[in-house]
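Participant: here you go, sequence then predicted model.
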Amino acid sequence: DTAVSQTPKYLVTQMGNDKSIKCEQNLGHDTMYWYKQDSKKFLKIMFSYNNKELIINETVPNRFSPKSPDKAHLNLHINSLELGDSAVYFCASSPTTDYEAPYNEQFFGPGTRLTVL
Amino acid sequence: GNSVTQMEGPVTLSEEAFLTINCTYTATGYPSLFWYVQYPGEGLQLLLKATKADDKGSNKGFEATYRKETTSFHLEKGSVQVSDSAVYFCALLHMDTGRRALTFGSGTRLQVQP
């Protein structure tokens, strides 16, 4: 059983195109995330949704727009792709953002490698 | 703000050697600390975690102890195997701000030679 799945696994596209990456989790978690891993392996948070509500929106170009149709899905749409968008994008989920929780383990998807030509 | 600093790699070891990957953090309060591993071509997997000072996380022969006095969470393994070759990420999760996103270190690549 796949806990956090992403599609596609690889995405190669031309500059200027619009593309989407899909993420689904079957863990019943309330919170989902998008992270970007650059060519030097550095990982940084982009967005976070809790029960379909945006709670983290880092300094990311407006060309990136997350969409959460329900709490099991968090998709990432990218407009007017640029060369610098080439990276691996990871989706993750965690049980809750309950303030009382001692921690919230995040479960990661396999990643989507985006290559912009 | 929160930050995590890891030793730069790659770290190259022979099989059965002792491993230490250093990790220090900057954060107010009491963050939770994690080590994640990324095998070639795969996503991130949680390796171990610690949620309070002096906790020791352990898994698959790896250990790390949450040291608040030195703000460190160094990863150790007594005898590495070729199959341990991967990139290791130290990360923290800070609860006080209501922000639940992980702050990662830059990753350390481990290469274990037969």
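Facilitator: Now that the structure is in, tell me what you want to look at.
Participant: can you give me the pLDDT of the residue sitting nearest the centre point of chain A?
Facilitator: By Cα atoms, centre = their mean, chain A has its centre lying nearest to A:Trp34, at 2.6 Å. Listed pLDDT for A:Trp34 reads 94.
Participant: which strand residues bridge the nearest residue to A:Gln25 once chain neighbours are set aside?
Facilitator: The shortest distance from A:Gln25 to any non-neighbouring residue, by Cβ to Cβ, 6 or more residues apart in numbering or on different chains, is to A:Ser93 (4.1 Å). Yep, even glycine has a C-beta here, placed from its N, CA and C like the rest. In this entry, A:Ser93 is beta-bridged to A:Met32, A:Phe107, by DSSP bridges.
Participant: still on that earlier bit, which other residues reach the host helix or strand of the residue nearest to the centre of chain A?
Facilitator: Element membership of A:Trp34 [criterion: DSSP states H and E] is strand A:31-37. Residues from elsewhere that reach strand A:31-37 (Cβ atoms under 8 Å, 6 or more residues apart in numbering or on different chains): A:23, A:25, A:43-51, A:55-56, A:66, A:68, A:71, A:73-74, A:76, A:87-97, A:104, A:106, A:108, A:111, B:100-102.
Participant: please name the residues that touch the nearest residue to A:Leu11 once chain neighbours are set aside.
Facilitator: The shortest distance from A:Leu11 to any residue other than its chain neighbours is 4.8 Å, reached at A:Leu114 (Cβ to Cβ, 6+ apart). Neighbouring residues of A:Leu114 by Cβ under 8 Å, 6+ apart: A:11, A:13, A:19, A:21, A:78, A:81, A:85-89.
Participant: of these, closest to B:Leu48?
Facilitator: Among these, A:Val88 lies closest to B:Leu48 (Cβ to Cβ), at 23.0 Å.
Participant: what's the neighbour count on the residue nearest to A:Gln25?
Facilitator: For A:Ser93, the neighbour count with other Cβ atoms under 10 Å in any protein chain shown is 27.
Participant: quick one: it and A:Gly28 touch, right?
Facilitator: No. Under the criterion of Cβ atoms under 8 Å, A:Ser93 makes no contact with A:Gly28, lying 9.2 Å away.
Participant: before we move on, back to that, okay, and the residue nearest to A:Leu11 sits in which element?
Facilitator: Assigned by DSSP H and E, A:Leu114 falls in strand A:112-116.
Participant: what pairs with the very next helix or strand once past the strand holding A:Trp34, parallel or antiparallel?
Facilitator: In the C-terminal direction, the helix or strand that comes right after strand A:31-37 (DSSP H and E) is strand A:43-50. Paired strands of strand A:43-50, with direction, are strand A:31-37 (antiparallel), strand A:53-57 (antiparallel) (DSSP bridges).
Participant: tell me the most buried of those?
Facilitator: strand A:31-37 (a mean of 25; mean count of other Cβ atoms under 10 Å in any protein chain shown).
Participant: give me the pLDDT value at B:Gly98.
Facilitator: At B:Gly98, pLDDT is 56.
Participant: also the one 10 residues further on?
Facilitator: Note on B:Thr108: pLDDT of 95.
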